[in-house]
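*Asks:* 3D model of this:
(4 chains)
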Number of protein chains: 4
Amino acid sequence: MSITSDEINLLIYRYMMESGFQHSAFAFAHESYLTRSNINSETVPSGALITFLQRGLQYVEVESHLNEDGSAKPCTAPFSLIA
Amino acid sequence: MSITSDEINLLIYRYMMESGFQHSAFAFAHESYLTRSNINSETVPSGALITFLQRGLQYVEVESHLNEDGSAKPCTAPFSLIA
Amino acid sequence: MSITSDEINLLIYRYMMESGFQHSAFAFAHESYLTRSNINSETVPSGALITFLQRGLQYVEVESHLNEDGSAKPCTAPFSLIA
Amino acid sequence: MSITSDEINLLIYRYMMESGFQHSAFAFAHESYLTRSNINSETVPSGALITFLQRGLQYVEVESHLNEDGSAKPCTAPFSLIA
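*Replies:* Here you go, the predicted model:
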């Protein structure tokens, strides 16, 4: 299962609209050809990009703290999206 | 653990630069004040936004196919980021 | 007497704002560094760019229909800004 | 004789392209619907906007220094596009 470019671009577009980045959303809709795509941005749930990124971060965090046998690695450092 | 707005915006900015959306990246950098932030976009690994969204999608997919007791729900429908 | 770049850019910026081209105005203000200039766009009279272009067009039209001795060239073709 | 909106927008678009304001030009082409217009920007002579503005400025300057009977008003102040 993988994400298509159109899906990613739509999530970003919705995030921009919801966050008040109207000029970026305008440029992005044209530059990514979302204006010509058939996908309706109304079908994207509100806050979807943030939700998926949060889940992805949790997944990566858990993954990085497991040994191969499933036991937990001891770790006290805070975890961040950006290295 | 949660993602900050600056981190999300940085992931989006990097994605735009890597995908050739230069006009959107320009507007976004100014509109989201990334140009004034202290975070260095060079610290974001290449392809980071896509990676996190993929992981988030996997997480959500697994989650939505588990019953509360941990057993799997029977399901044959394809799973998609956008409902 | 000549026009400076800052003056031209300011006339354009005002025209965009007055004509409802808000996304272009946003990009232009940042790309032309008008946001860092000391000139106040409020000092530009409303409709200034159009007024100056109209005057310029009249000037060029008159000029192109005069012989060197000041007599008029016979001409029936309509005159246009764009050749 | 008057200038149409499409002509003004085309002059501005060409100026932006020639001056290296590529992000503004991108936004403006889409926002002003120049991308859908039939006018070919190649027909606009290089530097046209600046030329017309210079001519317009000369016209306005001369006009503002003439009395109604055609005699010149004494004036020593420098003239500027922006009041």
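*Asks:* What ranges does chain A have for its helices?
*Replies:* For chain A, the helices defined by DSSP state H occupy A:5-19, A:22-31, A:48-64.
*Asks:* can the last one be found next to chain B?
*Replies:* Put plainly, it is helix A:48-64. Yes: Helix A:48-64 reaches chain B (CB under 8 Å from any CB of the partner chain) through A:48-61. No exception for glycine: its C-beta is placed from N, CA and C like everyone else's.
*Asks:* what's the farthest-apart pair in those residues?
*Replies:* A:48 and A:61 (20.3 Å; CB to CB).
*Asks:* Pick out the residue in chain A sitting closest to chain D.
*Replies:* residue A:30 (4.7 Å; CB to the nearest CB).
*Asks:* Provide a list of residues in contact with that residue.
*Replies:* By CB atoms under 8 Å, 6 or more residues apart in numbering or on different chains, the contact list for residue A:30 reads D:26, D:30.
*Asks:* quick one, what contacts the residue of chain A most remote from its centre?
*Replies:* Outermost residue of chain A with respect to the C-alpha centroid, by CA atoms, centre = their mean, is residue A:69; its distance is 29.5 Å. Applying CB under 8 Å, 6+ apart to residue A:69 gives no contacts.
*Asks:* what about it, distance to residue A:60?
*Replies:* For residue A:69, the distance to residue A:60 (CB to CB, to the nearest Å) stands at 19 Å.
*Asks:* returning to what we had before: dihedrals phi and psi, the residue farthest from the centre of chain A?
*Replies:* The phi/psi pair for residue A:69 (degrees, to the nearest 10) reads phi -80, psi 0.
*Asks:* For it, report the pLDDT, please.
*Replies:* pLDDT, residue A:69: 85.
*Asks:* cool, residue A:43 as well?
*Replies:* In this model, residue A:43 is scored at 80, pLDDT.
*Asks:* if I look at it, how far off is chain C?
*Replies:* When distance is defined by CB to the nearest CB, to the nearest Å, residue A:43 is 25 Å away from chain C.
*Asks:* sorry, back to before: out of the helices of chain A, which one sits most buried?
*Replies:* Comparing the helices of chain A by mean neighbour count (mean count of other CB atoms under 10 Å in any protein chain shown), helix A:22-31 comes out on top with a mean of 24.
*Asks:* how far out from the middle of the chain is that one?
*Replies:* How far helix A:22-31 lies from its chain's middle: 18 Å, per CA atoms, centre = their mean, to the nearest Å.
*Asks:* and residue B:26, which of the helices of chain A is closest to it?
*Replies:* Closest among the helices of chain A, once you apply CB to CB, is helix A:22-31, at 7.6 Å.
*Asks:* Would you tell me which residues of chain A are close to chain D?
*Replies:* Residues of chain A lying near chain D by CB under 8 Å from any CB: A:23, A:26-27, A:30-31.
*Asks:* Now render these as JSON lines, adding pLDDT.
*Replies:* As requested, the residues of chain A next to chain D are exported to JSON lines (pLDDT from 0 to 100):
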{"residue": "A:23", "pLDDT": "98"}
{"residue": "A:26", "pLDDT": "97"}
{"residue": "A:27", "pLDDT": "97"}
{"residue": "A:30", "pLDDT": "95"}
{"residue": "A:31", "pLDDT": "96"}
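*Asks:* where does chain A have low pLDDT?
*Replies:* When residues are selected by pLDDT under 70, those of chain A lie in A:1, A:79, A:81-83.
*Asks:* redo that, cut-off 80
*Replies:* Chain A contains residues with pLDDT under 80 at A:1-2, A:37-42, A:76-83.
*Asks:* Enumerate the residues of it near chain C.
*Replies:* Within reach of chain C by CB under 8 Å from any CB, chain A has these residues: A:22-23, A:26-27.
*Asks:* what subset of these is also close to chain B?
*Replies:* Near chain B, judged by CB under 8 Å from any CB, the entries from these are A:22-23, A:26-27.
*Asks:* thinking again about what came up before, could the helices of chain A be laid out in TSV, adding distance to residue B:35?
*Replies:* Shown next, in TSV, are the helices of chain A (distance: least, CB to CB, whole Å):
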stretch	distance to residue B:35
helix A:5-19	17
helix A:22-31	13
helix A:48-64	21
